[in-house]
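[1] please work out how this folds:
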Amino acid sequence: MIGSRRYRTHTAVGAVGAEGETVRLAGWVHRWRDHGGLVFIDLRDRSGLIQLVFHPERSPDAHRVARRLRAEDVVSVEGSLRARSSDTVNPDLATGAVELDAESVEVLGKSEALPFPVEDETVEVGEELRLAYRYLDLRRSERLGALELRSAVSRAIRTTLEDEGFLEVETPVLTRSTPEGARDFLVPSRLQPGAFYALPQSPQLFKQLLMVGGIERYYQLVRCFRDEDLRADRQPEFTQVDIEASFVEPDDIMGLVELVLSAAFAEAGERLPTPFPRMSYADAMRDYGTDRPDLRYDLRVRNWSEAAARSGFAILEAAIAAGGVVRGIVVPGAGEGLSRKDGDGLVAEAQELGAKGLVWAVVEEDGLRSPVARFLDGLADDLGAGPGDLIALVADAEDIAQRVLGALRTRYAERFGLIDEGAWAPVWVLDFPLVAWNEDEGRFDSLHHPFTAPRQEDAEALAADPGAALSQAYDIVLNGLEIGGGSIRIHDPELQVRALQVIGIEPDEAEEKFGFLLRALRLGAPPHGGIALGLDRLLMLLAGERSIREVIAFPKTATGADPLTEAPARVAEAQLRELGVRAQPAPRVD
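    All right, here's what the predicted structure looks like:
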């Protein structure tokens, strides 16, 4: 064990088995108890807890020091390790069968009063306070466990990729701003006034250049940066497992990722069933209303348009006549005890999500219970619903109906207890459209990024009908969360120019923004493809957390702020002048 024997010879858990020996331990005072003479201290280090006992008769000097110790003081203690009596064994501790009979103690660091307790993890502490004192929060076993899990999973990923012949290569952090879907963080250049670097949203172009460079199999656990609005599974800086390989097809990358994820889950004591099921983007949107379906529960979106068109219900018939659809979901058992007021709440919820309304019905033994039951003849049989089930219908344009039902599907599953929380449900989503029409901008946008290759059969017709082209992209979704996305890349420079034209980047602009990539593709580029896995999201799932902030050592808040260092912060005018940058005053809020 690395470390000076002046401070310790063993860790707390490592001392088990050394009964009768003289050992030295070091760590933090976790709990302190004075039992009318004997002083008991639970000492904590990274390995765990161990009980220390201070006897006033045997070691009076150590006992006097111990009586002055307080929570989170840092100490080094020497003594004899002995077995506890059978009636004092603590089965909940790895060290619960032994204790240290302390003979001497050295105080290495005193602690002032804490802003929140470390030893009692049941005490609720606000996130802002926890992040302001993150180093204290990290002393808690739950946070420490998350970092230990992160280290173990990262090691398993690296080992798996190295065993498959992948080479870890670092790529630049200061690079050029390129359009990749999110805002860049910009860094002004002092040596080139008026010019800026960008922090990489991903190493996309560099890993493609590594393939042109003959590296063939590359990976990196890399920091990426995106200046976008934050949420529970998003941070301005995050870590992704970046992978790229030459002479591959989608099956090769997907098989590799299944191997990598299986190893990562095994390190966490979990098992992923392989091979993962596969689903087309079109089927995912049709059956689940999202391209990130959670398959731990069914709740498929069903089509009732044909029957609705002859139902006699004017609202449904009007939606069909306008080119829309009537779709619905069946929620098992959710109709039990559902009142009219509850149904009105379901309608309001659907409207908040963007629907014009919602038709609800409860299946009972003698028929349907609904404000519009007389118009819903045959609905239960058509959708396969049984007594006690809730049916929710949305009549609207197809994209709105699918999106709203996709969101309701997730909410209802959580609300009515339909999720198997211990299950893992991975799925590959394939055959994405290459581009999507941006109504606001009046042009096409890349659905993934502009370097994604179309299917070979769609490449020639790309200019004539770009909206019909499907891509060679693949997303890995786990329990309704996208944890990775990748594709086969365009390695033909002429096809790359045409693909950029589809999204409004003409050849001259392409040469200006991506000239370094296009030059590389013209100098012997192999077919290649890869994927990026979100390490933080993966760890969030494995740790059973709801936010990636809990598996990152020093995260930002939902506003992008760091309460610990108080970043972002203003800098001195002299620094700005040196960079040729002027700070605009904050906009006034009346």
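[2] so what's residue 218 up against?
    166-169, 207, 210-211, 242-245, 530 (C-beta atoms under 8 Å, 6 or more residues apart in numbering). (Each C-beta comes from the backbone N, C-alpha and C, glycine too.)
[3] is it true that it lies in a strand?
    Yes - applying DSSP: H, G, I helix; E, B strand; the rest coil, one finds residue 218 inside a strand.
[4] what ranges in this protein fall below the confidence cut-off?
    By pLDDT under 70, the low-scoring segments of the chain are 1-3, 179-181, 586-590.
[5] show me which strand runs longest in it.
    strand 22-35 (DSSP state E).
[6] about what we covered before: out of the contacts of residue 218, which is most surrounded?
    residue 244 (29 neighbours; other C-beta atoms under 10 Å).
[7] my guess is that one meets residue 212, correct?
    No - applying C-beta atoms under 8 Å, one finds residue 244 not in contact with residue 212, separated by 10.8 Å.
[8] follow-up on the earlier one: the contacts of residue 218: which two are farthest apart?
    168 and 211 (15.1 Å; C-beta to C-beta).
[9] got the domain ranges for this structure?
    According to automatic domain parsing, the chain comprises the domains 13-109, 144-280+426-552, 297-415.
[10] export those domains to JSON lines and append columns for distance to residue 125.
    Converted to JSON lines, the domains of the chain look like this (distance: least, C-beta to C-beta, whole Å):
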{"stretch": "domain 13-109", "distance to residue 125": "15"}
{"stretch": "domain 144-280+426-552", "distance to residue 125": "13"}
{"stretch": "domain 297-415", "distance to residue 125": "25"}
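[11] closest one to residue 583 among the ones you listed?
    Of those, nearest to residue 583 by C-beta to C-beta is domain 144-280+426-552, at 11.5 Å.
[12] can I assume residue 412 sits in a strand?
    No - using three-state DSSP, the secondary structure at residue 412 is helix, not a strand.
[13] residues near it, how many?
    Quick note: residue 412 (other C-beta under 10 Å) scores 22 neighbours.
[14] quick one, what contacts it?
    299, 329, 331, 334, 390, 392, 418 are the contacts of residue 412 under C-beta under 8 Å, 6+ apart.
[15] which members of these are the farthest-apart pair?
    392 and 418 (13.6 Å).
[16] the two - which one has more neighbours?
    Between residue 392 and residue 418, counting by other C-beta under 10 Å, residue 392 is the more crowded of the two (25 against 17).
[17] hmm, residue 328 and the more buried one touching each other?
    Yes - taking contacts as C-beta under 8 Å, residue 392 lies within contact range of residue 328: 5.8 Å.
[18] what touches both of these two?
    359, 405.
[19] find residues that contact each of residue 392 and residue 418.
    In contact with both residue 392 and residue 418: 331, 412, using C-beta under 8 Å, 6+ apart.
[20] so who does residue 123 touch?
    Residue 123 touches 116-117, counting by C-beta under 8 Å, 6+ apart.
[21] got the phi and psi for residue 81?
    Backbone torsions for residue 81, taken as degrees, to the nearest 10, come to phi -90, psi 130.
[22] now residue 149: which helix or strand?
    helix 141-163 (DSSP states H and E).
[23] same check on residue 444?
    For residue 444, the element it lies in under DSSP H and E is strand 443-446.
[24] same for the helix holding residue 149, what does it pack against?
    strand 167-168, strand 217-225, helix 250-267, helix 535-542 (3 or more C-beta pairs under 8 Å, 6 or more residues apart in numbering; DSSP states H and E).
[25] if we can go back for a sec, which of the residues in the strand holding residue 444 are buried?
    By neighbour count on 16 or more other C-beta atoms under 10 Å, the buried set for strand 443-446 is 444, 446.
[26] residues in contact with the following helix or strand past it?
    Per DSSP H and E, strand 443-446 leads on to helix 456-459 as the next helix or strand towards the C-terminus. For helix 456-459, contacts defined as C-beta under 8 Å, 6+ apart pick out 434, 453, 468-470, 495.
[27] what segments of the stretch 1-150 of the chain are strands?
    With DSSP state E, counting those that start in this stretch as the criterion, the stretch 1-150 of the chain has strands at 22-35, 38-45, 48-54, 74-83, 98-109.
[28] what's the closest of those to residue 363?
    strand 48-54 (53.6 Å).
[29] would you mind extracting the C-alpha trace of that closest one into CSV?
    Extracted C-alpha coordinates of strand 48-54, given in CSV (Å, rounded to 0.1, in the frame of the first residue of the first chain):
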residue,chain,number,x,y,z
GLY,A,48,-14.6,2.0,5.3
LEU,A,49,-15.1,2.4,9.1
ILE,A,50,-13.4,0.9,12.1
GLN,A,51,-14.0,1.4,15.8
LEU,A,52,-11.3,2.8,18.1
VAL,A,53,-11.4,2.5,21.8
PHE,A,54,-9.5,4.9,24.2
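[30] tell me the strands beside it, with direction?
    strand 38-45 (antiparallel), strand 98-109 (parallel) (DSSP bridges).
[31] ok, and the closest non-adjacent residue to residue 580?
    residue 193 (3.9 Å; C-beta to C-beta, 6 or more residues apart in numbering).
[32] nope, residue 527 is what I meant
    The nearest residue in space to residue 527 (C-beta to C-beta, 6+ apart) is residue 491, at 5.4 Å.
[33] tell me the SS of the one you found?
    At residue 491 the chain is in coil, as set by three-state DSSP.
[34] ok, now which ones touch it?
    With C-beta under 8 Å, 6+ apart, residue 491 has these contacts: 453, 521, 525-528.
[35] want to try JSON lines for the residues you listed, with neighbour count and secondary structure as columns?
    Shown next, in JSON lines, are those (neighbours: other C-beta atoms under 10 Å; DSSP: H, G, I helix; E, B strand; the rest coil):
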{"residue": "453", "neighbour count": "24", "secondary structure": "coil"}
{"residue": "521", "neighbour count": "22", "secondary structure": "helix"}
{"residue": "525", "neighbour count": "21", "secondary structure": "coil"}
{"residue": "526", "neighbour count": "13", "secondary structure": "coil"}
{"residue": "527", "neighbour count": "16", "secondary structure": "coil"}
{"residue": "528", "neighbour count": "24", "secondary structure": "strand"}
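[36] before we move on, the earlier item: what comes up buried for the helix holding residue 149?
    Across helix 141-163, burial judged by 16+ other C-beta under 10 Å covers 143, 146-147, 149-150, 153-154, 156-158, 160-161.
[37] next, the angle from it to strand 48-54.
    Put simply, helix 141-163 runs at 140 degrees to strand 48-54, going by axes from the mean of the first three to the mean of the last three C-alpha atoms, to 10 degrees.
[38] contacts for helix 141-163, please.
    Residues from elsewhere that reach helix 141-163 (C-beta under 8 Å, 6+ apart): 46, 121, 137-138, 168, 219, 221, 241, 243, 259-260, 263-264, 266-268, 535, 538-539, 542-543, 545, 550-551, 553.
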